[in-house]
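In: This is a predicted model, with the sequence first.
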Amino acid sequence: MNRTQTLRALLAGPSALVTPTVYDALSSRIAVQAGFKAIFVSGFGIAASRLGMPDTGLISFGEMLDQISGICAAVPGVPVIA
């Protein structure tokens, strides 16, 4: 199953899907090792970890894409909601 199919199966399950918010590759690996089946990426989390500031449009699309790509690469097969 690919990530999309996995996410759909988790959402169709009998219970709520709890997804922790992650902001980098390390936090995503920690979340998966803690047993979460999917993870969530927030703009605020990335802005706060990279700039120490709220998400007010200071991070470019390319920077966001780079960070989310690293997160996805760190947890192969795990659905990442971004």
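Out: Perfect, thanks for sending it. Owing to the predicted nature of the structure, the values given are computational and were not obtained by experimental measurement.
In: what are the ranges of the helices in this protein?
Out: Assigned by DSSP state H, the chain shows helices spanning 3-11, 25-33, 43-51, 61-74.
In: Which strands or helices does the longest one pack on?
Out: If contacts are counted by 3 or more Cβ pairs under 8 Å, 6 or more residues apart in numbering; DSSP states H and E, helix 61-74 sits against helix 25-33, strand 39-41, helix 43-51, strand 80-81. (C-beta placed from N, C-alpha, C; glycine too.)
In: Tell me which of these sits most buried.
Out: Ranked by mean neighbour count, the helices and strands packed on helix 61-74 are led by strand 39-41 with a mean of 21 (mean count of other Cβ atoms under 10 Å).
In: Give the pairing partners of that strand; include direction for each.
Out: Strands that pair with strand 39-41, judged by DSSP bridges, come out as strand 21-22 (parallel), strand 80-81 (parallel).
In: rewinding a little: Ala82: which of the helices of the chain is closest?
Out: Closest of the helices of the chain to Ala82 is helix 61-74, at 5.1 Å (criterion: Cβ to Cβ).
In: just the angle between the closest one and helix 25-33, please?
Out: 40 degrees (axes from the mean of the first three to the mean of the last three Cα atoms, to 10 degrees).
In: buried residues in helix 61-74?
Out: Residues of helix 61-74 classed as buried by neighbour count (16 or more other Cβ atoms under 10 Å): 64, 67-68, 71-72, 74.
In: Can you give me the first-to-last residue distance of stretch 41-61?
Out: One end of stretch 41-61 to the other measures 14 Å (Cα to Cα, to the nearest Å).
In: Got phi/psi on the residue lying farthest from the centre of the chain?
Out: Going by Cα atoms, centre = their mean, the residue of the chain most distant from its centre is Pro14, 22.5 Å out. Here is the backbone geometry of Pro14 (degrees, to the nearest 10): phi -80, psi -20.
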